[in-house]
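> Show me how the following folds:
(one chain, ligands or ions: 1)
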Amino acid sequence: MRFSAFRVIKEALTGHKGWQPLWRNPDPQPAYDFVIVGGGGHGLATAYYLSTTFAKARIAVLEKGWLGQGNIGRNTTIIRSNYLLPGNQPFYEFSMKLWEGLEQAFNFNAMVSQRGIVNLFHSDGQRDAYRRRGNAVLLSGADAELLDRDQVRAMIPFLNFDNARFPIKGGLLQRRAGTARHDGVAWGYARGADLAGVDLIQNCEVTGFRITDGRVQGVDTTRGFIGAGKVGVAVAGMTSQVMAMAGLRLPIESHVLQAFVSEGLKPTIPGVITFGAGHFYISQTDRGGLVFGGDIDGYNSYAQRGNMAVIEDVAEGGMALMPMIGRARLLRIWGGIMDMSMDGSPIIDRTPVDGLYLNAGWCYGGFKATPASGYAFAHLMATETPHDTARAFRLNRFATGHVIDEKGAGAQPNLH
Ligand SMILES: Cc1cc2nc3c(=O)[nH]c(=O)nc-3n(C[C@H](O)[C@H](O)[C@H](O)COP(=O)(O)OP(=O)(O)OC[C@H]3O[C@@H](n4cnc5c(N)ncnc54)[C@H](O)[C@@H]3O)c2cc1C
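Below is the predicted model of the structure:
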């Protein structure tokens, strides 16, 4: 079933009887060429690119709950490619290019909306740092503009420009950044992978790896043993636990990050705005809800809910930036589990176990990476060579010291 304007009109005129489920619900086969563990954004994107671009093979995605139940359906949906470091920027720009053609490629409305992002700055030093980042972005071929205070005011007049402590002095704008509908992205990739023959197996938790003579043979699951030529793990917040079953200890900690949604308001926020003095970012959905968030809670956790201290901190950030937000009622709050790496950057690499591959360490920035992460992981698993834009995301960089510390925070996962 293809989606098109014609199809929508036809269904509207015939009582919407022709829509079909977006994917099959198959039972697992005894064995596959490729098994992907984790039916989040990255696992589904990997299966999609494996099946459509790299390998005509038997492929399965094993998901312990339902597709999209994890962070892919919990994030604040910001996409951007305005990173500083050479290890990161080309990868995120590659991802942005994939976002730009994604809906046509998988024939699904993921509501990719390039409304722009403005990172506000509040001091001369911060302006210089943003100018440097903007130049790095431009050198990579992506877009960036440094705005002065008046330009920001013309674009977002309702901000508190004269806050005594954090006056707004300008902002770094990336116009091609924006938002995408997070669960639409999961569904689009799932549907595309299913159409290409991938078995998407829900309610199938991986409980162990069978490894013989240093090579993976398959996975034990709650639905029995499933043999595999190659296994790729993309389980985000559960990475440490799942990889421990293969005997691997990783430089990753799990932390909770919360998201907040207000009641629906008239269109107010033009794109994505980030507050450069505290940690606060905000956008507005097409239904009018303000979607915002702040820092991780700061302690290790596997619970998908956070604590009051961060809620207060996020509310303070919002009030300092745009006091009128105090009039909006908060409707929903939830948490997701972040796979925080020691340098704040991801890992897409082989592991010491033959045939076992790892995609992890996305911290709280992995949504924007979904297309490139899936593509690069599929590339690695199919060709045994890293994708050009993901060469720096090696697991052994923590041993060799080639860390990619975008924030300069040091080996402190709770600070990235
Ligand atoms: C509140 C919040 C806000 C965020 N905001 C942004 C943002 O604005 N921009 C951005 O770029 N990023 C953002 N992120 C980060 C982004 O959502 C994640 O980095 C990214 O979604 C992680 O990859 P994923 O989609 O594959 O993870 P997930 O969707 O979590 O997928 C992992 C899957 O693995 C499954 N799994 C776990 N263990 C097993 C097992 N043993 N067997 C089988 N399956 C298993 C889980 O059930 C889950 O479905 C945010 C995250 C949160 C929580």
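> tally of neighbours for L172?
Counted with other Cβ atoms under 10 Å, the neighbours of L172 add up to 24. Placement of C-beta: from N, CA and C, glycine included.
> That one: which element?
According to DSSP states H and E, L172 maps onto strand 170-174.
> cool, and G374?
Assigned by DSSP H and E, G374 belongs to helix 370-383.
> How about E253?
strand 252-264.
> Identify the residues contacting the residue nearest to the spatial centre of the chain.
The residue lying closest to the centre of the chain (Cα atoms, centre = their mean) is F367, at 1.4 Å. Residues near F367 by Cβ atoms under 8 Å, 6 or more residues apart in numbering: G41, N71, I72, N75, T76, T77, I78, I79, A180, H182, V185.
> Within range of the ligand, give me the residues from the stretch 51-200 of the chain.
Proximity of the stretch 51-200 of the chain to the ligand (Cβ under 6 Å from any ligand atom) is limited to residues 62-65, 69-72, 74-78.
> Produce a PyMOL select command limited to the buried residues of the residues you listed.
To isolate the buried members of these in PyMOL, using 16 or more other Cβ atoms under 10 Å:
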select buried, resi 62+63+64+69+70+71+72+74+75+76+77+78
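> Could you export the residues of the stretch 51-200 of the chain next to the ligand as TSV, including distance to A372 and pLDDT?
What follows is these, written out as TSV (distance: Cβ to Cβ, whole Å; pLDDT from 0 to 100):
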residue	distance to A372	pLDDT
L62	23	98
E63	21	98
K64	25	98
G65	25	97
Q69	23	94
G70	19	96
N71	16	97
I72	15	97
R74	20	96
N75	16	97
T76	19	97
T77	16	97
I78	15	98
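> so where's this protein shaky on pLDDT?
Applying pLDDT under 70 to the chain picks out no residues at all.
> Show me which helix runs longest in it.
Taking DSSP state H as the criterion, the chain has its longest helix at helix 89-106.
> show me the contacts for M243.
M243 makes contact with V233, R249, L250, T351, L358, A360, according to Cβ under 8 Å, 6+ apart.
> Please state the backbone phi and psi of the first one?
Okay, so that is V233. phi -110, psi 120 (degrees, to the nearest 10).
> is it true that it touches G361?
No - if you go by Cβ atoms under 8 Å, V233 and G361 don't touch, sitting 11.8 Å apart.
> ok, residues contacting the longest helix of the chain?
48, 79-83, 109-110, 112, 114, 136-137, 140-142, 176-177, 180, 185, 188-189, 191-192, 368-373, 375-376, 388-390, 392-393.
> Same question for stretch 142-154.
With contacts defined as Cβ under 8 Å, 6+ apart, stretch 142-154 is touched by 81-82, 89, 93, 96, 118, 120, 127, 130-131, 133-135, 137-138, 155, 159, 161, 168-176.
> and what of stretch 124-140?
Contacts of stretch 124-140 (Cβ under 8 Å, 6+ apart): 81-86, 89-90, 93, 119, 121, 143-146, 169-172, 174, 276.
> for stretch 33-40, same thing?
Stretch 33-40 has contacts (Cβ under 8 Å, 6+ apart) with 43, 46-47, 50, 55, 57-63, 66-68, 70-72, 186, 190, 200, 202, 206, 218-219, 226, 228-236, 238, 242, 381.
> let's see 7 Å
With Cβ atoms under 7 Å, 6 or more residues apart in numbering as the contact definition, stretch 33-40 has outside contacts at 43, 46-47, 50, 55, 57-63, 67, 70-72, 200, 202, 206, 219, 226, 228-236, 242, 381.
> Show me the helices in the stretch 251-400 of the chain, by range?
308-321, 370-383, 397-400 (DSSP state H, counting those that start in this stretch).
> about what we covered before: just want the angle from the strand holding L172 to helix 89-106.
50 degrees (axes from the mean of the first three to the mean of the last three Cα atoms, to 10 degrees).
> Can you report how many residues lie near C363?
Each residue near C363 was counted by other Cβ under 10 Å, and the total is 23.
> list the contacts for the residue of the stretch 51-200 of the chain found nearest the ligand?
Closest to the ligand within the stretch 51-200 of the chain is G70: 2.3 Å, counting by Cβ to the nearest ligand atom. Residues counted as contacts of G70 (Cβ under 7 Å, 6+ apart) are G40, A236, G336.
> what does T77 give?
T77 touches T179, A180, R181, H182, V291, F367, counting by Cβ under 7 Å, 6+ apart.
> Can you read off the backbone torsions of the first one?
The reference is to T179. Taking degrees, to the nearest 10 as the convention, T179 sits at phi -140, psi 160.
> which of the contacts of G70 are close to the ligand?
Of the residues in those, proximity to the ligand by Cβ under 6 Å from any ligand atom holds for G40, A236, G336.
> Turn those residues into a markdown table, including neighbour count.
Shown next, in a markdown table, are the ones next to the ligand among the contacts of G70 (neighbours: other Cβ atoms under 10 Å):
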| residue | neighbour count |
| --- | --- |
| G40 | 30 |
| A236 | 27 |
| G336 | 24 |
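> Looking at the residues you listed, which is nearest S345?
Among the ones next to the ligand among the contacts of G70, A236 lies closest to S345 (Cβ to Cβ), at 14.8 Å.
> In the stretch 51-200 of the chain, what residue spans correspond to helices?
Assigned by DSSP H, counting those that start in this stretch, the helices in the stretch 51-200 of the chain fall at 89-106, 124-139, 149-155, 182-195.
> now the first one and helix 370-383, what's the angle there?
Same thing as helix 89-106. 90 degrees.
> Show me which residues of helix 89-106 are buried.
Applying 16+ other Cβ under 10 Å to helix 89-106 flags 89-99, 102-103, 105-106 as buried.
> Residue numbers of the stretch 301-416 of the chain in contact with the ligand?
With Cβ under 6 Å from any ligand atom as the criterion, the stretch 301-416 of the chain meets the ligand at residues G336, W362, Y364, G365, G366, F367, K368.
> Which single one of these is nearest to I325?
Y364 (21.0 Å).
> what's that closest one in contact with, if anything?
Applying Cβ under 7 Å, 6+ apart to Y364 gives the contacts L257, I296, M338.
> Relative to the ligand, which of these is nearest.
L257 (4.4 Å).
> Could you give the number of residues near that closest one?
Neighbour count of L257, defined by other Cβ under 10 Å: 25.
> what is it paired to in the beta sheet?
With DSSP bridges as the criterion, L257 is bridged to I296, G336.
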